[in-house]
Each structure stands twice: as C-alpha cells, then as structure tokens.
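**Q** Fold the stuff below for me.
(4 chains)
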Amino acid sequence: MSAESKTDEGGDYRLQGGPWASAWKLAAGAGVLGLGGWAAGHSSNPQRAAYSYLFAFLVFLTIGLGSLFFVLVQYLTSARWSVTVRRTAEFFMVGLLVFAPLFVPVVLGMEHLYPWTHVSAEHGGGHESAPHEGGHGEHGAPAAATEHGGGHGAGVYSQEDIERAVHHELLQHKAPYLNRNFWFLRALIYFAAWGLLAWSFYRNSTAQDGSRAEGLTVRSARLAPPATFVFGLTLTFAGVDWIMGLDPTWFSTIFGVQLFSGSVVAAMAVLILTTLSLRANGPLTRAVTVEHYHDLGKLLFGFNCFWAYISFSQFFLIWYAGIPEETTYFHARWGDGPWKNVSLLICLGHFALPFVFLMSRNIKRRLSLLSLGAAGMLVMHVVECYWAVLPNFARNVLELTPQDPASLQPHWLDLACLVGVGGVYLAVVFQRMTRHPLVPIGDPRLSRSLRFENF
Amino acid sequence: MSDTHNEPQPERERRPVLLLAEFDSAGSVLHAAEALRDAGYKSFDAHTPFPVHGMDRAMGMSDSRLGWIVAAMATAGFTTAVALITWANHISYPFVVGGKPPLSIPAYAPVTFELTVLFSAFGAVFGMLGLNKLPRHHHPVFFSDRFRSATDDRFFLSVEREDPKFDLTKTRELLEGAKATHVEVIEDEVP
Amino acid sequence: MQIFPRSFNLLPAILGLGLAVGGGAATAGVWYYFTPKHTHVGYAPRQPVPYSHWLHAGQLGMDCRYCHANVERSPEAMIPPTQTCMNCHAQVRLDSGALAPVRESWCAQFPPAQRTDANCPGVPAERRARLTVAQAAIPWVRVHRLPDHAYFDHSVHVTAGVGCVECHGRVDRMEVVRQEQPLSMGWCLDCHRDPTGRLRPPSEVTNMNWEPSGPTQQARPVRPPQTCSGCHR
Amino acid sequence: MSDGPITSIGEKHLVRPGATFREITDSISVVTETSAPRGWWIAFLTAATFLGILGAAVGWLFWKGVGVWGNNSPVGWAWDITNFVWWVGIGHAGTLISAVLFLFRQKWRTSINRFAEAMTIFAVICALLFPGIHVGRVWHAYYMFPLPNSMSLWPNFKSPLLWDIFAVGTYFTVSLLFWYVGLIPDLATLRDRCTTAAQGVRRYVYGLFALGWRGSNRHWSNYERAYMILAALSTPLVLSVHSVVSFDFATSVEPGWHTTIFPPYFVAGAVFSGFAMVMSLILVARVVYKLNDLVTMTHIELMNKIMLATGSLVGYAYAMEFFIAWYSGNPYERYVFVNRALGPYSWAYWTMISCNVISPQFFWFKRFRTNIPFSFVLSIFINIGMWFERFVIIVTSLHRDFVPASWGYFHPTAVDIATFMGSLGLFFTLFLLFIRWVPMIAIAELKGVLPQADPHHGEHHGKHDKHDKRDAPTEGGEPAPAATEGA
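**A** Residues are numbered from 1 along each chain as shown, chains lettered A, B, ... in the order given. Sure thing, here's the model as predicted:
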C-alpha cells in the first residue's frame, strides 16, 4: 500500500512564490492596521469598540473551530476522498492558536459586554458591587440601579424597578457561574484545549509529510474521538460565556449546537474558497478536482441545512411557547424595528437562497458558481455573527428598545475590527501555508483521494 | 399486447427480436457495450446483477431525467401543503389556538416540509418506475433460460431488432468478438 | 424463463384505473353515506301516540309554545306532559282508540284508589286497575338528538330570533315528525358564521309562514360563537 | 479503482476476501428457500403469542375505554406516548443506515441496511399503533387527517400532534418505498432461483413483486438516481420526524419539556436506540443464520462506535438541560430537574442515566466493542434506558404540575403493560416473517462492493493515468466499488 502511495504523490504541492506566498504579509499588515483602528476606537468609544471587536472575534473564531471540526471528522470516519483538502483545513485549524492573544480586547471590554460583571457574587439582596475599573456611570447596565427607584414616582415601585430587581436577583443566582474568576478560568481552559488539539493534529499531519509514518494517521484517528468530546463541550460553553452571556437573563439549551452549526458552514465556505483560489494559483490544480468540490459543496449544503434546522428549532420553540423570559432574544432581533430586516435577510440569504442554489448537482460541479455560493455563505456568516452580538449593544449600552431605528447603526469600528482580527488570524494561516506542502503528502490515503470520483 | 395468451395461436409468426450475449465478468460486458456503442448501435441494453460502474458511459446513455420529475413533485407537495394549511386554518375555519393567529407562518413549517418530502418520494419511486416502464412482467428476454443468472452472477447484453444496425450474423460476430461466452437469438411473436 | 403471460403487462394500467375508480367510489360513498345528511335526515320514528303536528300546529293553528312551553326559558324545548294533552282531550275525542295511551297515562298517575271517572276520563274500569305507575309516562321517541358533547340551548336561539322552522322544518305540515336537517356540526357552523339571513323578529319565531319583508329586525346583536367551547363545554 | 483496505491503519475487509457473487446470492437466498430452523419457530410462536396479548389488550381498551390504562390526572400521558416515542425512535437507525450512511458512502452499511430498514418499518408500525388507540375510541381516528367532513372542521395545523401524524405518516410511507425499491432487484433474484414446478407459487409471488425486473442498465441508471434521491430525502426526513415528536413536548410551557435542545437531542436519542435495536437483532440473526461472513466484526465495532457517539450526544443534552435549568434561574425548571434526580421517580432517572450515558462509555475500549455477548447485553440495556428516557421526560414532568394539590404518582395497569409487551410481539412477528421470506441482506448492493464488481478489477492495477479525466463530469449512477470501510 505504502509503495503505491509513493507513486502518487508526484507533485511537490508547495507554494512556489506567487501571490499566496506573500499573502501572509499583506494579511499581517491589514491586521495591524485594523487592530490600530480598534485601539483608537477603544479610547474614544470603548463600549462600541468592545461589541464590534467581539463580533469580529466571533466571525473568525468560528471559522477556526469549524475547520478543527472538519479535520476531526475526517479522522473519525477514516475518510479518503478528503485527504487532498484536509491540509488546507488544517492551516485554518492551527490558526486557532492566535485567538488566545486576540482575546485580550474582549477582556478589556468585558465591563461593557457582560452586564453580570456589575453584580457581585458575595453580597446577597439588592446590593450592587462597586464599579471595578474606570467610569461606568454612563452605561447603566440593567442591573445597575435598584436604589434609585428608577426615577419614576416616589415611593411606588414602577414596573421598571420590579424588572430590575428580578434581573438583579437572577444575576445573583447565577453568580457562582457568571463571576470573573471562573469566567477567566474557563476561557483559559477553552484556549488551552483548542490550542492543544489544533497543534496535535497539525503536528501529526505535517510530521507525516516527511516520515510517511502510517502510525501518525492511527494516532490522529485514536485522538479524534476524545478530541471531539472536548471540542463539543468547550465550544458550547465558550458560546454560553461569550455570546449568550451578553444577555445573562436569557438562556437556550440548543445554543451551543447552533453556534457549532454556523461554525461548520463558515469553515466549509472558507475551505472551498481557499482551495479554489490556491488551485487557480498553483499547487492544488491537480490535487483538488471537481469531484472534491462536489463533495465539499454537498457538505456546505448539508451543514447549512443543519444550521437552518437548529436555528429554526431554537426560534420555533421559543416562538411557540411564548414565555417572556425567552422571547427577549427574538424581540431584540425581530420586534418591529430595524433588526427585523437583518433577521429576514438571514432567513433568506443564509437559508432560502443557498438552499435552492446549492441543491443542484450542476452548480456544485461548476466551480465559478460554487465559489459564488460559498462566498455568499461566508458573507451571511458575518451577518449572522453581527446579528448575534450587536443587538445587545443597543440593549445593554444604549438602552434602546428594538423598535428604535437607532438600535441598528453600523459603525466604522465593525469593519476595523473585522480587518484587524481577520488580518492577524489569516496572517498566521497563510504563513503556515508557506511552511508546509498544501496536501498531506505522507498520508496513506492520499492516492485514493487523488483518484476519487463521485457517483 | 391484448391477445389472449392461453390458447396457442399458430397463425402468429415467431421472429427473432433480440440477440442475447452472455459474459462472465463486469469488465468484459463493459467493454462489449463500448464496442456496440462504438459500432453505432443504439437499441441495446446491458443486464447485470448490480449496477456496473461506468456502464452508462459505455452505452452512451444520457443522464437520468428523474431529478426533474422529483423537482416538479416537490413543488407540487410544497404548494399543496401551503394551500391546504391556508385553506383549512385561515380561510375555511379561521381560528385562534394557543394565542397563535390563524395565519402563523412558522407553524406551517413541519407539515409543509413533510408533504414536500412525501410528494418528492412518490415522484422518485413512481417516476423511476415510469421512466423504466415497469412493472413489465412479460419481456422477450425472459424467454431465455440462461437469462435467469442475470440476477445472480452473469452479465448480458441484449441487442434489439429495432436497431437499424441489427443483423443476425454481423451483430453476433461483434458480440462473440467481444468475449461473449454465449450468444443466443430470442424469438417472439411479432404482432 | 417467461413466468407471466403477455397480457400481464397491462397490470399497471389496470391497477391505476382500479385505484382511480375504486378510490373515487369509496371517497364518494363515505362522503355521502357516512354523514348525518344520510344517516339522520328523514328519521321519522313511530310514536306511541300518532300525534299529528299537521293537525294541531297546521290546521288548528296552535302555537308551538302551547306544548313546548319552556323553549324561550330553558335549554330544553320540553316534550309536553300528559297534562297538556288532557287540557283538551279530557273532553275532545274521548272515544279515540289512538288516544288511549294518553288517557291511560293520565289515569296511571293516580293511586288505584283514586282512579275515578273524573280522574280517568275515557278509560274503561277494567283497564284502570291494571295500570302501573310506570305507564304514567308516555314513551315518546326523541326525533332530534344531538350528541352529548354538543351543548345546545333552545332559549338562546329562540330569543335571538332563530325560528323553529329553521331547524325543524315545516312541522305544521308533518303528519309524522321527521328530521329535516342534518344537525351536523358543519350545518350548525353554517349559521353561526353568518346568521343574518336566518334571523327574524322574536315575535315571529314560531310562525311557520313568516317571510322576511325589508331589513331583518334583530332582537339584539347576534354574534354566535365559533370557538370550540361555544358548544363543547 | 478499488484496492484492498489499508490494513496498516486499521482498515478491514467488509466481506470475507475471495467471496464470489454466487456465494453471496446463495448464502442469503437460501434462508428464504429452506424450511425455517427450530429457533425461528420458537421465536415466532412466542412473538405471535404476544401479538395475541396485544389484540386482547387493545380490544379491551376499545371495549372499556381509556380508563383501563393508568393515566390519570396529573399524569395524562404515560405509557402510550412513551411507547410511541420509543418505537418511532427505534425506527430511526434504519433510515440512518440506509440513507445517511449511503450519502456518506459508508460502504459497510450494505450488510445491515436491509435489516435496519425492515426494522424501521415494523417499529414505525408499532409506533403508529399508539396514536391510533391512545384515545380509546379508534373510530374517531379519522379526525387526525385533513378530510372534508360534515363537521366543517379541519385539523389544527398549529398543533404538534397533527405534525406528528404528517411526520410519522410520511416517514412510514417513505421508508416503505425506500425499502421496497431496494428490494426489487433481490426479489428478481429470488424469482429467478425458482426452477422446479414445485416452486410455482414462490415464482409467481416473487415475480409479481419484482415487477419484471431484468437488471437492465437503462433501468439501473434511473433506479440508482431514485435510490439516491430517496436517500437524500430520507436524511432530512429522519431529522424532522423525531424533531416533530419532540415538539409534542417542547412547544408546551411545561417545565422539563420546554427546552430548545429537544429536537436534535431527540434525534440523537432515536438513532442511539435504533442502533441498539439493530445490534440486538442482528447479533441473534448472525448466530441463527450463520452470517459471520457478511456481518463481520467490523460492522459490530462500527455500530458500537456510533452508539458511543450518539450516547454521548444524549449525555451532552442531559447535561445541557441540567445546566440550563440551573442557569436559567427559573425555580420551576430547576425543581423539575432536581425532582427527576432525587424525587419519587429517581429510580427511573438513574436507570436512564446508567443505561444511556454510562454503559456506552465501555465502547471507548476495543475489547468491549468487539465482544459479541457484551455488545448484545449492552444493546439491550440501551433499549431499556431509552424507554426510560421517554418515561422520565413524560411522567416526571407531569406528576408534579404547577398546583401541588394535584401532585400524584403514576402506576401502570396490567393493560398498560400488556399493550407494551404486545407491541413487542407485533414487532417481532413482523420481523420474523421478514427474515423468513425476504432477503435480509441486500444482495445486489453487497455484490456491488465486492472487488470483482469493478469492471477494471485486475486490469491496470493502479497504473492508469489518474489525472487526465479529472475534470470531466462523470455520468450518474454507479457506486465506486470498494469492499472496504470508509470512503
């Protein structure tokens, strides 16, 4: 078997100059520029900067996590067809390492992002803790003001007062989970787990390029099941901590699955677009064929349906039961305000259109059309991340109702952060591409992947 | 087709309608089919115990049209469901249940989905049977006693009389030249 | 090996045709024969006394409410007690054999000792002793019957201006009362959805011959319920 | 195209190397052609007895009304719906194996898909029994369908119970079609094996249902497209079915029922229990009919891995429910979950946890995954655990409602138990009839994965140029033949 695989890997599959070889420098430049923009924004408008940054962080973190999942699945199922594209996913996977340092701005903005940071775990009752750092007078997080009587009529508890008191009590209840120390500890665990997993699979795969050791495939295959376990739990709780925590009174058991499904869609879109571009510019031309794109297209289509199924389930059950404590999430995103249009855009652009478009076998096999579909999915992933994070800015910081037109106001910081986080992440990814062959040339299944045909 | 089958009908003439060639491997039948295709035959068919990879191309067949039937049926199912729900719960008997207004779009989803799938599945199965002209319990190939192994471990090619290039001797030679292990002529009553 | 004769190739066509014809016939059959329109309409049981609505309500012009006295006050229109019959038939047609069960029912309510000529008009003496208390009730057979899970209130309908004739038909022309309308839920809903054409001034409720002249005068705004709990309480 | 498995990285043969087409035809067909072994008769008579018990229990239910069951306020739903959900769930593995694994080109499915599809159909029949009888007045069952009627009444399309009818009805229909389409070539094989006059009836019956199949490639082309479309339709369908079943609970505001993870969690649980049932059945059939060459250790190990995966997913859902019940801060939600673990039904809860979450963890170890008696016992445990999962969800949520005055405890009656046991009888009766008369392994498909099914088998041996026709679209139809796991 191994003798045969050696006959197949003929090509070198390394980047030989060209735009891709220097792409990482461009990305790094953009990253520095974008992060500079974030830093400027952070000093002038720290609240907005925090939310814009979290949005951008989410966009790229999910791409990295989705790629990790793609690699895990290949080992879990002993897949053969996908070997030629696996390395590209591995580059995006190993980029996960950079998110730990990229997390610093989220920490800096956590006072603005997470209302629970204003409730202390130690004191029961209606007390609030002293503000921790910096001036918070202006943000007025919902939990902040029980003692003022809400400013409405003296001596009578207004509806708002009651809501705030309940809110505060809820946060008190959650304090054993939603407190700074534990939150930091969890973040540390997530990054450690992702870094460890990404690095292990990456190292096994790249080491095989030289050694051709089939044992490395076995080792990765052994590692994959427990790794999936860890992956699932860390992704879920990271979602709970960083995104669901934006509105600490809201909860949904499916949230982790929802985040996961979106991540895989984004990763598949990125994988398709990147390999297509690498193919147009060099070494993958003969390695990744229409047959592979057909399958990648199927996976993109399939996981997008899965995303729609999970997202619809979450919406549907909350809509049907109509329990106020749950409906807040969709009120903020549907209501009758500007976010409703974004929601409709997601329904249409993230599901209905791509569903019809990507269903066709011909479109999945016509690479220009497939790349159009993948690009569309990627754009919608960005929109979805925006939709997940930014309504909380209007709510937590601006204290606007969803109906208020001002609750949806794009900001230049959104773009700056996207460029910043994306630039840094992609710089790492692209830099890795210059270091290793773009196809796992030592993989024992490579020859089958090269010869793969759909039916 | 409408004749009564039980009584012998001597006035009906039996004529050769098929040439049936037998092969012992998937590879040889594939190459024989390629040979027939390259010789310009159109009305011929392969009979194999399982679908042989590449046979469609070897026979010069075009792609299955089943997908269009299914797409049409899916549309029909979708439309039926939307019309049914709208008619039943919005027009015929508008009704507020569980605080949901009569026209509750999210609640359409489950039944619409199910009916779309149901209709599509009917389209796939009955469309397949229709395109294949099945059920067809009586067929000239069944006159051959050897043909029974077409569902076991043998591979057959049948060339029909309707083919303009059909010629008892030339076609037989072509088939025998393509490693057929046995060639026979199937006769049938021709109306 | 040819197992099936050539004619077997017609199987799909026959199956398709059979399915279409058979399925259509079954649907049409169930549609008609399994509904109250078929199973209930026309029900005209023999009553223990051949009471003629044609004679009493039609020819004699008695008002419905003379016998069905509670129709405006109670959910039940009420089957009249023997008393109502005897108001007249204590004097009228005492010799009618058909009316014997009425007279005997009247007689049977009295203890045997009190079954005098005055209390038992038209009942021969030898019959009087043999009557049991159970015979005090005439076993009238109910014609219009709604299922137990459907709640129907006569008073509500009558006071809102639904004429008797709307549901019971031209009783004044019936020698034997028969069910005219299906009384199915769909039939109820037809009116509940749009009652306007079927309402009349309350004074004309029992008038079998009433025809609308000019705009209908409603006793009060009528908004019949269409919710489940309107009828299924 | 196909080479042997790469054994050095753990790939294995799916069928004994060197098996011929004829051997496969013979070994599978012979079961339907020879008289049944004694074990079959014992099992069949036992199953038929339980089927009789079902008839008695259901007849008694129709005669007396639904009061013969233990359902009562506050537990208005109990065994009937538990059994319904359990049976529907068991069906899911069949579709998963036949459709999802087909789409993912997991060729190992070919040995077990027929078996699993049949199981799906029979399980769904058992499931459909319960909505049919659950009000005890079966003559009103037509209320569930959107038929014009003299009540001018339509079903409520906003009701999850109606969605169930559409979902399970569609599921049953599509599964049946899928199964039958797969059967057509194999029925033709059985037809063509009838040679003697004594087999005349067999010949006619199999011939009738084989629809005149003659293995024509023009037919195969449409057939394979139809099969793939059915697989592609069944995949979202199977997700939708148990999701809709989960909506029965999750659309309500009942604590313990209303959680958003219910749809995928139910699907995972369904696949989990379905695989357990396939495992239980196939291990028995493998011993009785000596199918060791066709259902190999590889199959068993892979199925055990799927059970490990889905069992862990179910465990994830349990954990998320518990976590969110606490995290939500909703005291009712929290109470329900604490009550599950520590309340009067804690015995059921811990049965569920140990069977569903803890026991599959043994399958992390190859030693347990490849141990047949162990796999069998564990698959039974999982079936029990999954029954208890539905019981726990339904009964523990209902027995403590919002009004403490109406709190109660559910006791099943003998009729409840007899109905459930009887539904097992129905299932096994149908299943045993299937094994006896229908090829229980897909003959044509299995032949398609043998090495010699590849027309280029033994020709070029890896020397032909792989790259020249890369970008030419291939024409529809044929599965890449490779008699090995993974693709």
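
**Q** What residues does the most centrally placed residue in chain B make contact with?
**A** Against the mean C-alpha coordinate of chain B, by CA atoms, centre = their mean, the closest residue is B:Asn132 at 2.3 Å. Contact analysis of B:Asn132 by CB atoms under 8 Å, 6 or more residues apart in numbering or on different chains lists D:Ser216, D:Arg218, D:His219, D:Asn222, D:Tyr223. C-beta coordinates here come from the backbone N, C-alpha and C atoms, glycine included.

**Q** which secondary structure element contains the second one?
**A** Think D:Arg218. Counting by DSSP states H and E, the element that carries D:Arg218 is helix D:217-250.

**Q** Does that helix reach chain C?
**A** No: Helix D:217-250 is not in contact with chain C by CB under 8 Å from any CB of the partner chain; minimum separation 14.9 Å.

**Q** Ramachandran coordinates for B:Phe44?
**A** Backbone torsions of B:Phe44, given as degrees, to the nearest 10, read phi -140, psi 170.

**Q** ok, the nearest residue to it once chain neighbours are set aside - contacts?
**A** Leaving aside its sequence neighbours, B:Phe44 sits nearest to B:Val159 (CB to CB, 6 or more residues apart in numbering or on different chains; 4.3 Å). Counting by CB under 8 Å, 6+ apart, B:Val159 touches B:Leu18, B:Leu19, B:Ala21, B:Leu36, B:Tyr41, B:Ser43, B:Phe44, B:Phe166, B:Thr171, B:Leu175.

**Q** Which of the three states applies to B:Val185?
**A** With DSSP: H, G, I helix; E, B strand; the rest coil as the basis, B:Val185 sits in strand.

**Q** where along the stretch 201-350 of chain A do the helices fall?
**A** A:214-242, A:255-280, A:290-321, A:324-333, A:339-346 (DSSP state H, counting those that start in this stretch).

**Q** I should have written chain C there, sorry.
**A** C:11-33, C:36-39, C:53, C:64-67, C:82-89, C:100-108, C:125-130, C:154-160, C:164-168, C:185-193, C:228-231 (DSSP state H).

**Q** can you redo those helices as TSV with mean pLDDT and distance to chain D?
**A** Shown next, in TSV, are those (pLDDT from 0 to 100; distance: least, CB to the nearest CB, whole Å):
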stretch	mean pLDDT	distance to chain D
helix C:11-33	92	7
helix C:36-39	88	6
helix C:53	94	27
helix C:64-67	93	27
helix C:82-89	92	35
helix C:100-108	92	36
helix C:125-130	87	41
helix C:154-160	91	19
helix C:164-168	93	16
helix C:185-193	91	3
helix C:228-231	90	10
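
**Q** middle-most residue in chain C, spatially?
**A** Chain C, centroid-nearest residue using CA atoms, centre = their mean: C:His144 at 3.1 Å.

**Q** quick one on the thing from earlier: can you tell me which of the helices of the stretch 201-350 of chain A is most buried?
**A** helix A:255-280 (a mean of 24; mean count of other CB atoms under 10 Å in any protein chain shown).

**Q** other SSEs contacting that one?
**A** helix A:46-76, helix A:83-94, helix A:214-242, helix A:290-321, helix A:367-389 (3 or more CB pairs under 8 Å, 6 or more residues apart in numbering or on different chains; DSSP states H and E).

**Q** Quick check: residues of chain C near chain B?
**A** C:1-12, C:189, C:226-227.

**Q** Can you give me the distance of the residue of chain B found nearest chain A to B:Thr112?
**A** Taking CB to the nearest CB, chain A has its nearest neighbour within chain B at B:Pro106, 5.5 Å off. From B:Pro106 across to B:Thr112, the span is 11 Å (CB to CB, to the nearest Å).

**Q** okay, the helices of chain C in TSV with mean neighbour count next?
**A** Formatted as TSV, these follow (neighbours: other CB atoms under 10 Å in any protein chain shown):
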stretch	mean neighbour count
helix C:11-33	11
helix C:36-39	16
helix C:53	20
helix C:64-67	18
helix C:82-89	16
helix C:100-108	21
helix C:125-130	12
helix C:154-160	18
helix C:164-168	20
helix C:185-193	17
helix C:228-231	13
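
**Q** Contact residues of chain B facing chain A?
**A** B:His53, B:Gly67, B:Gly98, B:Gly99, B:Lys100, B:Pro106, B:Ala107, B:Ala109.

**Q** among the helices and strands packed on helix A:255-280, which is nearest chain C?
**A** The nearest among those, by CB to the nearest CB, is helix A:290-321 at 19.5 Å.

**Q** Is chain B within reach of that closest one?
**A** Yes: interface with chain B: helix A:290-321 contributes A:Phe312, A:Phe315, A:Phe316, A:Trp319, A:Tyr320 (CB under 8 Å from any CB).

**Q** Quick check: the farthest pair among the residues you listed?
**A** Within the residues of helix A:290-321 next to chain B, A:Phe312 and A:Tyr320 form the most distant pair, 11.5 Å apart (CB to CB).

**Q** ok, the spatially closest residue to A:Ala221 that is not a sequence neighbour to A:Glu90 distance?
**A** Closest residue to A:Ala221 apart from its sequence neighbours, by CB to CB, 6+ apart: A:Tyr75 at 4.7 Å. From A:Tyr75 across to A:Glu90, the span is 11 Å (CB to CB).

**Q** shared neighbours of those two, which are they?
**A** With CB under 8 Å, 6+ apart as the test, A:Tyr75 and A:Glu90 both reach A:Phe201.

**Q** Between those two, point out the one with more neighbours.
**A** A:Glu90 (26 against 23; other CB atoms under 10 Å in any protein chain shown).

**Q** Might one say that the more buried one is in contact with A:Ser205?
**A** Yes: at 5.6 Å, A:Glu90 counts as touching A:Ser205 under the criterion of CB atoms under 8 Å.

**Q** list residues touching both of those two?
**A** Contacts common to A:Glu90 and A:Ser205, judged by CB under 8 Å, 6+ apart, are A:Pro440.

**Q** Okay, now the unreliable bits of chain B?
**A** B:1-12, B:191 (pLDDT under 70).
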